[in-house]
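A.B. asks: 3D, please:
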Amino acid sequence: MTYQALEHARVRKHLLLLSAMAWVLLLNGSDIARMPAHCPTMSAGAMPLSASFRMLLTMNPPASLAAGWALMLVAMMPPVLMAPVLYIRLCSFAHRRARSTALFITGYAAIWMALGGVLVGIELAVKSIALPRFVPAAGVVLLALIWQFSPVKQRCLNRCHAHPNLAAFGFAADFDALSFGVTHGIWCAGSCWALMLCPMLLPHGHIAAMAGAAALIFSERLEQAMPPCWRWRGLGKVTRIVVAQAQIRLHALQVRRVPSTSGA
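C.D. replies: Purely as a prediction, here's the structure:
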């Protein structure tokens, strides 16, 4: 096995383990995984919008919201970071790899945490309004579908495949690693923001919706860069890989069942 293959296996193992640990916390109902609660009085329309919003903030402190958003990111995003993390490690000297990786992750996480403040604010604002629960859910699903088809989404995905030249020494290397994380985070957030908002506004099935969004986000990253246009972007490559693997295994099983004629 080549050095690059070994490094790829190491990166994949650690990132998938990190993601799995976050999913375990989510599935076990960790306190930091709670979605913002509904204001108990807002359905009756007895409170002004500002008062409902303040009550939701009281019920869900900002620190708790930030922790829940961070856990959501740790669960969903590590699989799509395998390619850029592998790239930055292969472009760094051995004694700088951990540092460069940490700087990349810091820049990437900073963008997503900033966007999280916006998305959580939208979630709280929507939940402060006395609307039937299916209305915001239907609205965010429609919004996500439109964004999924849009050429702007493809432009963001194309930029997610871009890996810039990285300096090898000193401050320039640190700056390039951090800048790469920030840039990659911007284009990743531009691509995925609508899919990330969907689980937050659904009345039920948050974890299942997160898993579906994570699978869709990962599948999109397996595709090559394409010309921006209106088209569906979904589970195409993952489906082709699963079908191909199933055909290979089925063929191998059929070969084993064929009686040996070597002794005839």
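
A.B. asks: tell me which strands and helices the lowest-mean-pLDDT helix or strand in the chain is in contact with?
C.D. replies: Lowest by mean pLDDT, DSSP states H and E among the helices and strands of the chain is helix 49-59, with a mean of 73. Contact partners of helix 49-59 among helices and strands, from 3 or more Cβ pairs under 8 Å, 6 or more residues apart in numbering; DSSP states H and E: helix 97-127. From N, CA and C alone the C-beta is placed, and that goes for glycine too.

A.B. asks: coming back round to it: quick one, the least confident helix or strand of the chain and helix 97-127 angle?
C.D. replies: With axes from the mean of the first three to the mean of the last three Cα atoms, to 10 degrees defining the directions, helix 49-59 sits at 140 degrees from helix 97-127.

A.B. asks: And the next helix or strand past helix 49-59?
C.D. replies: helix 62-76 (DSSP states H and E).

A.B. asks: Who are the packing partners of whatever helix or strand comes next after that following helix?
C.D. replies: Next helix or strand after helix 62-76 toward the C-terminus (DSSP H and E): helix 82-90. Secondary-structure packing of helix 82-90 (3+ Cβ pairs under 8 Å, 6+ apart): helix 3-27, helix 97-127, helix 170-201.

A.B. asks: Run the angle between the least confident helix or strand of the chain and helix 62-76 for me.
C.D. replies: 70 degrees.

A.B. asks: Put the alpha carbons of helix 49-59 into PDB.
C.D. replies: Taking Å, rounded to 0.1, in the frame of the first residue of the first chain, the C-alpha atoms of helix 49-59 are listed here in PDB:
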ATOM      1  CA  LEU A  49     -43.600  38.200  18.400                       C
ATOM      2  CA  SER A  50     -40.800  39.900  20.300                       C
ATOM      3  CA  ALA A  51     -41.900  38.400  23.600                       C
ATOM      4  CA  SER A  52     -42.200  34.900  22.100                       C
ATOM      5  CA  PHE A  53     -38.700  35.200  20.700                       C
ATOM      6  CA  ARG A  54     -37.300  36.300  24.100                       C
ATOM      7  CA  MET A  55     -39.100  33.400  25.700                       C
ATOM      8  CA  LEU A  56     -37.500  30.900  23.300                       C
ATOM      9  CA  LEU A  57     -34.100  32.400  24.000                       C
ATOM     10  CA  THR A  58     -34.700  32.000  27.700                       C
ATOM     11  CA  MET A  59     -35.800  28.400  27.200                       C
END
